[in-house]
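Enquirer: Here is a sequence with its predicted model. Questions after.
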Amino acid sequence: MIVLTISLAIVVLDQVSKYLIRSTMELHGTIPVIKNFFHLTYISNDGMAFGINFPGGIYLFTVASFILTIFLIAYLWHERKGNIILRISLALIIAGAIGNFIDRAMFKEVVDMFDFIFWGYHWYIFNVADSAVTIGMILYLFYSFFLQSKKQTAKTVI
């Protein structure tokens, strides 16, 4: 299944990029790639998305992401002969979830490194897994709004 190859490639790219950042940079260190636009900045996030944190949140989020990943894998299996955009979107979301799950399970934190600056404002620093989830969600929304047949939508509502 080509979509599983995509998932595997994303997880490997995510883990290799995080390993390289961990092993070659100091925490909070930054390397300007394109000055005042794109930097590699090593931060660790022991909270949830966008650094949101509360006591025990890492454990709750780890368990929730594991359960949701299992659900998404089952959904992908159910749609294994479905629309390729849907399957790729699920594969990207699954890969991103697995990539960040590995970090939470092994290190109790997620490594982020991509730091974009727009008009002097730093966007949230993110990683390959976060990018995969975001792109996967955009594709899923595109599929849901523009490609999913009206007949199929009516059937699932009933």
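Expert: Alright, I've got the coordinates. This is a predicted model, so every value here is computed, not measured.

Enquirer: What is the neighbour count of Asp103?
Expert: Asp103 is flanked by 23 other residues according to other C-beta atoms under 10 Å. For the C-beta atoms, the positions are set from N, CA and C on the backbone; glycine is no exception.

Enquirer: Which helix or strand contains Leu139?
Expert: Element membership of Leu139, judged by DSSP states H and E, is helix 128-142.

Enquirer: Which positions in that helix come out as buried?
Expert: Residues of helix 128-142 classed as buried: 128-133, 135-136, 139-140 (neighbour count, 16 or more other C-beta atoms under 10 Å).

Enquirer: now, which of those residues sits nearest Gly99?
Expert: Gly99 lies nearest to Ala129 out of the buried residues of helix 128-142, by C-beta to C-beta, at 3.2 Å.

Enquirer: any idea how far stretch 138-147 is from the chain center?
Expert: Stretch 138-147 sits 17 Å away from the centroid of its parent chain (C-alpha atoms, centre = their mean, to the nearest Å).

Enquirer: when you give positions from now on, start the count at 10
Expert: Renumbered: residue one is now 10, and that last one reads stretch 147-156.

Enquirer: measure it end to end?
Expert: Stretch 147-156 has an end-to-end distance of 13 Å (C-alpha to C-alpha, to the nearest Å).

Enquirer: can you list contacts of that stretch?
Expert: The contact list for stretch 147-156 (C-beta atoms under 8 Å, 6 or more residues apart in numbering) reads 92, 94-95, 97-99, 101-102.

Enquirer: With pLDDT as new columns, can those residues be given to me in JSON lines?
Expert: Putting the contacts of stretch 147-156 into JSON lines (pLDDT from 0 to 100) gives the following:
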{"residue": "Asn92", "pLDDT": "94"}
{"residue": "Ile94", "pLDDT": "96"}
{"residue": "Leu95", "pLDDT": "97"}
{"residue": "Ile97", "pLDDT": "97"}
{"residue": "Ser98", "pLDDT": "97"}
{"residue": "Leu99", "pLDDT": "97"}
{"residue": "Leu101", "pLDDT": "98"}
{"residue": "Ile102", "pLDDT": "97"}
